[in-house]
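Trainee: for reference, the sequence and a predicted model appear below.
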Amino acid sequence: AQSVSQHNHHVILSEAASLELGCNYSYGGTVNLFWYVQYPGQHLQLLLKYFSGDPLVKGIKGFEAEFIKSKFSFNLRKPSVQWSDTAEYFCAVRGTGGGADGLTFGKGTHLIIQP
Amino acid sequence: GAVVSQHPSWVICKSGTSVKIECRSLDFQATTMFWYRQFPKQSLMLMATSNEGSKATYEQGVEKDKFLINHASLTLSTLTVTSAHPEDSSFYICSAKDRFSYEQYFGPGTRLTVT
């Protein structure tokens, strides 16, 4: 079975600070990796995803993530955060070995940006 | 962009009654829809995978007789919580996979409270 671990449950930053949210996964095969964001009162939105190719993936709103296969990691980064980035962030993984392709989510990181 | 709706957005019911939650893909066709459950301050847990015209596939530990899933068309899947109990109170979220792009889009969720 696959699992996802997000290291930080709560992160508080000031505007313009740099952000890195950790995500590690365990799975015995090839995976697809995702980062989702959930703004207060809204539904999940896809920030970025990795399927194959360049391990550095750029997403919306200035976010990027790097897949490091040897470390089973897919950390999310943003060089300069804004107050509007306050939200819940979820890392998710999906195995590509066939069968059902529902996502396995991490527990989420609650990010608060202080003005 | 692709939109997934859920109805109702919240519902309160008494123990022992059944509740039906609808998930609709509004501007695309979805051969596969997924149902997730999210407890407060926790991650999303995949409950089942719903395939149009066939039986749903349930994750380990999820009672298929309690959580009835029907996916009768390419735009609608329903989750019925039968004989609801207070421990079924949760946030239920669906996602729909576009049959052509394979992208998954999430609904806004349904808050179920069983009294």
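Mentor: On my side now, so go ahead.

Trainee: going forward, measure contacts between C-alpha atoms and count neighbours the same way
Mentor: Fine.

Trainee: shaky segments in chain A?
Mentor: Within chain A, the set of residues satisfying pLDDT under 70 comprises A:96-100.

Trainee: kindly report the residues of it close to chain B.
Mentor: Contacts of chain A with chain B, taken as C-alpha under 8 Å from any C-alpha of the partner chain, map to A:42-45, A:90, A:100, A:102-108.

Trainee: which ones among the residues you listed map onto strands?
Mentor: Among these, the members found in strands (DSSP state E) are A:45, A:90, A:104-105.

Trainee: and residue A:11, what helix or strand is that in?
Mentor: For residue A:11, the host element (DSSP states H and E) is strand A:10-14.

Trainee: over to residue B:31?
Mentor: Element membership for residue B:31, per DSSP H and E: strand B:30-38.

Trainee: next secondary structure after that strand?
Mentor: Helices and strands here follow DSSP H and E; after strand B:30-38, the next one along the chain is strand B:44-51.

Trainee: quick one: strands adjacent to that next one?
Mentor: With DSSP bridges as the test, strand B:44-51 is paired with strand B:30-38 (antiparallel), strand B:57-58 (antiparallel).

Trainee: now the ones you listed as JSON lines including mean pLDDT and mean neighbour count?
Mentor: Converted to JSON lines, the strands paired with strand B:44-51 look like this (pLDDT from 0 to 100; neighbours: other C-alpha atoms under 10 Å in any protein chain shown):
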{"stretch": "strand B:30-38", "mean pLDDT": "93", "mean neighbour count": "24"}
{"stretch": "strand B:57-58", "mean pLDDT": "92", "mean neighbour count": "18"}
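
Trainee: export these to JSON lines and tack on distance to residue B:72?
Mentor: As requested, those are exported to JSON lines (distance: least, C-alpha to C-alpha, whole Å):
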{"stretch": "strand B:30-38", "distance to residue B:72": "10"}
{"stretch": "strand B:57-58", "distance to residue B:72": "15"}
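
Trainee: show me which residues of chain B sit near chain A.
Mentor: Counting by C-alpha under 8 Å from any C-alpha, chain B comes close to chain A at B:34, B:42-46, B:49, B:57, B:105-109.

Trainee: closest to residue B:4 among the residues of chain A next to chain B?
Mentor: Distance to residue B:4, by C-alpha to C-alpha, is smallest for residue A:43 among those, at 9.7 Å.

Trainee: could I get the phi/psi values of residue A:60?
Mentor: Dihedral angles of residue A:60 (phi, psi; degrees, to the nearest 10) stand at phi -80, psi 160.
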